[in-house]
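Colleague: Sequence unavailable; structure follows:
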């Protein structure tokens, strides 16, 4: 795979030079990607990394590269890039100015369409990819209808690093792109048809617009907008999923996730009376708390400081014990990679520094540097924060009701705060699975066993008895799906969103790609013989999601290689040296073998005075002398003592 | 147009039930409901998941795939609600509100609990029993599929010769499942020489050769042999051991003789079964739980009753026969997903074949006395030369050599099957269909009365 790394490095170098929306560079990059589809994964990773890490003003050109690749090359890039589209897109979106955002939205819009002029009617990205982003954007626009978001590039270097205007004279670079076939992008909504410059030449000076963070709570509850409710639920679900992906072991988050999924299912499948919707609405609003520390990792570091400070203050008591501090660090940088690392962002270290020191004084004073960055308008951060429900992890959960924080930083999950998973579950319990909902109010009778289940430990015990089998445990069944949210859309296998899960899925997708061999039919495949007991007992199942395994025992590959490497010296006997292989009737080829220091026939064996191709012979002999049965003693050593020499032991119990 | 080439089983059912013609339409399934359908062998029903989630006996449907079913009686269940697009012709189809899935999912969760706590003892060793058409195989599939779904590698043992698992009918087989089950092809497929769109499973196969385990004298020894192999494998793989296995059984062993279930007891003892799921039959449940209630804790057998799902339909003999023939056809020619396999046809002399026919009079000399059976093991098979009567039958190629003693032949696993397409008694030649090219295997071959002849496999 070092070659793959090389290609990726080349691609990265080229990518780093891309600092504006230049047609030529983008088409070169697309060309590299096109010529190296076998390294698609490495290239996709490189591109994603670049979009996340490069300066905000260089992100859009990089996104155009992405766009060009997925539209001109298509698979497998759509698969690889689609996987992380949401974080990638969001990372760029958060830091973008308004104009760039519009451009990005146009991009997104074009991804929902089929590739223009293409026969394939499918959209560029499957809707599962675009949907999440779409949902977010709808929510975003709903909160900020006028878009009071002249959000600047966050480095706080307004003049020294002006957003780069596009190269003048390249007003409409994409229409002249070489790589796409002519007229490939005639769609009027294609962002590349825009005639204006990509970036505003000047960015509005930093304005500190603080959209009221309470705006959402203040929403009237008398009338319940169903669509908004759904959007909220979706958003909560998304946040919860993110939190769950980061801390998969957290039972609470998981329960909450289950509850939310259940709620969503009910909302989608039943039409609820108004008063119930209102109740749900209230609950959802309660679940969207004021900003907490959690937004730090949902957000990019730069806008974080203003919020991190209040969060830390709330945290101050908790940080006196080393444990939560540690946790918080983990939460802040779960994978060691924040969503966005801008090269010059100083904040991560600032944010972690005080926390890493458990002995930090209780009344936390923000380090002076924190006030250094100019006031930033983190309305996006705020907005995100509104949706972050508190009980993601214990330390995060603690500060939410500020009074809880000092008392029980860890015990918080046990307190069924309104808006916790338990409430939702209670609410959901009132709804019978198939009937029409009667009331949101939980009846104590039905809620009893459910509550017991939810409060049970991680892997709830299901008693193995006939009566227990009939008791519904609806919240547990959803875990069959929710524990592995990362679905392979080709075969339905599920993975997690953890790094490991993603790697597994990547290998799984590679495998799909490999077996989709159009020539397979022509090659005349056939059923293989079954393996015998001895082989089977030692056999390791092939799991396509694991890294390439060593071949199984005397697996076919090993044998093949061995056979190919066999050779015999070219016979002196004239008759023999002219004779073809008796099996396939093909002549042998002379070859100089360095090891033997003479001319040899490769892939040949001499059997009973005749020379055969080693591979032919092997195939032939495999058919005629199928392995004899192995004696039971040698194969099944485990029960050796109980097996009589005849292999016919009297029945003996094995434990 | 619906008939796929090569799959059209030429024998139409004599009294074909009226076929409800179903054009492309959508089904909205509410949560916890199930779409049940029956498709005849001559028709194809395609199903596509448009929205939501859905699963076919525990295996989730992928959102971008179109699944086609033929000769299937199946059900698609949803935990979250879904929208299905269905086209093709089904004999019957409806949406059921009452399903057994809650109980089956509970069974899975209970087994998961045992797996987590398993420790050195290993995971649950599960036996599924019940009368015919009670949904035993469906339950086994669901349990296996769910275990796979949560990232485990369960083992499955099929002791029902009436329907093959990863092999032809008449066989007993076992395999570990590390990847998802095939939705369209039952349990999936055994390895072929090329790539397969669904990961293949590697079965270990023994040949039983009769339809009913209650007859003949090879069932119990084969169970013993299979148990040896399975338990040895579990010892090799600690990961598999902690997951355990599930055993599917034929309905006939659940009938019992006067409250005695000889074969069930044999299986429980050989496989060290610790969980028995009884499907449907109240009497069987009561008999078994009485039998196993007073066992020492380290050998406890937990007998659990599960209701028969309302979706279980009786599969008549005509259907089962077609089902078996389709399995045999798929062994040689592959399912349509395998792009058609290329079996090899060749002629052999009578002398090249070492055929052992299962002795017909199975019961008179040995009766039900198993001690006898073990001590006097001759006369299991009689060596035969090919005659016209073996035309169209299936021979199991064992790993044993013809010189081996009969019980070695009996205990030998199977390398594969050959089909006798033609017998020429005057020239003393047989034409054989082999799964792959090569010489006619010189190994001992077993000829049983089951599965029945498959006329016209090679036309």
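Modeller: Right, received. Where do you want to start? What you see is a predicted model, and the numbers here were worked out from it, not measured in a lab.

Colleague: what kind of secondary structure is the closest residue to chain A within the stretch 301-450 of chain B in?
Modeller: Closest residue of the stretch 301-450 of chain B to chain A, Cβ to the nearest Cβ: residue B:438 (2.2 Å). Every residue, glycine included, has its C-beta placed from N, CA and C. Of the three states, residue B:438 takes coil under DSSP: H, G, I helix; E, B strand; the rest coil.

Colleague: in stretch B:451-459, what's buried?
Modeller: B:451-454, B:457-458 (16 or more other Cβ atoms under 10 Å in any protein chain shown).

Colleague: cool, stretch B:245-260 as well?
Modeller: B:245-254, B:256.

Colleague: CSV for these, including secondary structure?
Modeller: Output for the buried residues of stretch B:245-260, formatted as CSV (three-state DSSP):
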residue, secondary structure
B:245, strand
B:246, strand
B:247, strand
B:248, strand
B:249, coil
B:250, coil
B:251, helix
B:252, helix
B:253, helix
B:254, helix
B:256, coil
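
Colleague: Check these and tell me the two furthest apart.
Modeller: B:245 and B:256 (23.6 Å; Cβ to Cβ).

Colleague: From residue B:205, how far out is residue A:470?
Modeller: Residue A:470 is 37 Å from residue B:205, where distance means Cβ to Cβ, to the nearest Å.

Colleague: which of these two has more neighbours?
Modeller: Between residue A:470 and residue B:205, counting by other Cβ atoms under 10 Å in any protein chain shown, residue B:205 is the more crowded of the two (28 against 14).

Colleague: what kind of secondary structure is the more buried one in?
Modeller: Once three-state DSSP is applied, residue B:205 turns out strand.

Colleague: likewise the one 10 residues further on?
Modeller: Counting by three-state DSSP, the backbone at residue B:215 sits in coil.

Colleague: Find me the pLDDT at it, would you?
Modeller: Looking at residue B:215, its pLDDT is 79.

Colleague: in stretch B:279-297, what's buried?
Modeller: B:279-281, B:284-285, B:287-289, B:291-292.

Colleague: Show me these that map onto strands.
Modeller: Those of those mapping onto strands are residue B:279, per DSSP state E.

Colleague: just the buried residues of stretch B:279-297 that are near chain A?
Modeller: residue B:285 (Cβ under 8 Å from any Cβ of the partner chain).

Colleague: could the buried residues of stretch B:279-297 be laid out in JSON lines, adding distance to residue B:83?
Modeller: Shown next, in JSON lines, are the buried residues of stretch B:279-297 (distance: Cβ to Cβ, whole Å):
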{"residue": "B:279", "distance to residue B:83": "31"}
{"residue": "B:280", "distance to residue B:83": "32"}
{"residue": "B:281", "distance to residue B:83": "37"}
{"residue": "B:284", "distance to residue B:83": "39"}
{"residue": "B:285", "distance to residue B:83": "38"}
{"residue": "B:287", "distance to residue B:83": "45"}
{"residue": "B:288", "distance to residue B:83": "42"}
{"residue": "B:289", "distance to residue B:83": "43"}
{"residue": "B:291", "distance to residue B:83": "47"}
{"residue": "B:292", "distance to residue B:83": "45"}
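
Colleague: Mind putting the buried residues of stretch B:279-297 into TSV with pLDDT?
Modeller: Shown next, in TSV, are the buried residues of stretch B:279-297 (pLDDT from 0 to 100):
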residue	pLDDT
B:279	94
B:280	88
B:281	89
B:284	94
B:285	94
B:287	93
B:288	93
B:289	92
B:291	91
B:292	92
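
Colleague: hang on, the earlier thing: can you give me the neighbour number for the residue of the stretch 301-450 of chain B closest to chain A?
Modeller: 18.

Colleague: hang on, it packs against residue A:620?
Modeller: Yes. At 6.5 Å, residue B:438 counts as touching residue A:620 under the criterion of Cβ atoms under 8 Å.

Colleague: how close does residue B:222 sit to residue A:604?
Modeller: If you measure residue B:222 against residue A:604 using Cβ to Cβ, the figure is 43 Å.

Colleague: List the contacts of stretch B:237-247.
Modeller: With Cβ atoms under 8 Å, 6 or more residues apart in numbering or on different chains as the test, stretch B:237-247 has contacts from A:540, B:111, B:114-115, B:118, B:122-128, B:140, B:143-144, B:147, B:152-159, B:174, B:176, B:230, B:233-235, B:267, B:271, B:273.

Colleague: Just the buried ones from those?
Modeller: A:540, B:111, B:114-115, B:122-128, B:140, B:143-144, B:147, B:152-159, B:174, B:176, B:230, B:233-235, B:267, B:271, B:273.

Colleague: In helices, which of those appear?
Modeller: B:111, B:114-115, B:140, B:143-144, B:147, B:230, B:233-235, B:267 (DSSP state H).

Colleague: Lowest average confidence across helices and strands of chain B, where is it?
Modeller: helix B:370-375 (a mean of 45; mean pLDDT, DSSP states H and E).

Colleague: any idea of the mean pLDDT in the host helix or strand of residue A:32?
Modeller: Assigned by DSSP states H and E, residue A:32 belongs to helix A:23-35. Per-residue pLDDT over helix A:23-35 has a mean of 84.

Colleague: ok, the residue nearest to residue A:3 when sequence neighbours are not counted - contacts?
Modeller: In space, and not counting its chain neighbours, residue A:3 is closest to residue A:39: 7.6 Å by Cβ to Cβ, 6 or more residues apart in numbering or on different chains. With contact set as Cβ under 8 Å, 6+ apart, residue A:39 has these partners: A:3-4, A:7-8.

Colleague: which one of those residues sits closest to chain B?
Modeller: So of the contacts of residue A:39, ranked by how close each gets to chain B (Cβ to the nearest Cβ), first place is residue A:4, at 21.9 Å.

Colleague: Show me what the helix or strand containing the closest one packs onto, helices and strands only.
Modeller: Element membership of residue A:4 [criterion: DSSP H and E] is helix A:2-16. Using 3 or more Cβ pairs under 8 Å, 6 or more residues apart in numbering or on different chains; DSSP states H and E, the elements in contact with helix A:2-16 are helix A:23-35, helix A:40-53.

Colleague: tell me the angle the shortest one makes with helix A:2-16.
Modeller: In other words, helix A:23-35. Relative orientation of helix A:23-35 and helix A:2-16, computed by axes from the mean of the first three to the mean of the last three Cα atoms, to 10 degrees: 170 degrees.

Colleague: Between helix A:40-53 and helix A:23-35, find me the angle.
Modeller: Going by the same axes, to 10 degrees, helix A:23-35 makes 140 degrees with helix A:40-53.

Colleague: Go ahead and confirm residue B:289 touches residue B:303.
Modeller: Yes. Between residue B:289 and residue B:303 there is a contact under Cβ under 8 Å: 4.2 Å.

Colleague: now the helix or strand where residue B:328 lies, how far from the chain's geometric center?
Modeller: Element membership of residue B:328, judged by DSSP H and E, is helix B:317-333. With Cα atoms, centre = their mean, to the nearest Å as the basis, helix B:317-333 stands 12 Å off its chain's centre.

Colleague: List the buried residues of the helix or strand following that helix.
Modeller: Using DSSP H and E, the helix or strand that follows helix B:317-333 towards the C-terminus is strand B:344-349. Neighbour-count burial for strand B:344-349, with 16+ other Cβ under 10 Å as criterion, is recorded at B:344, B:348.

Colleague: elements contacting strand B:344-349?
Modeller: Using 3+ Cβ pairs under 8 Å, 6+ apart: strand B:344-349 touches strand B:429-434.
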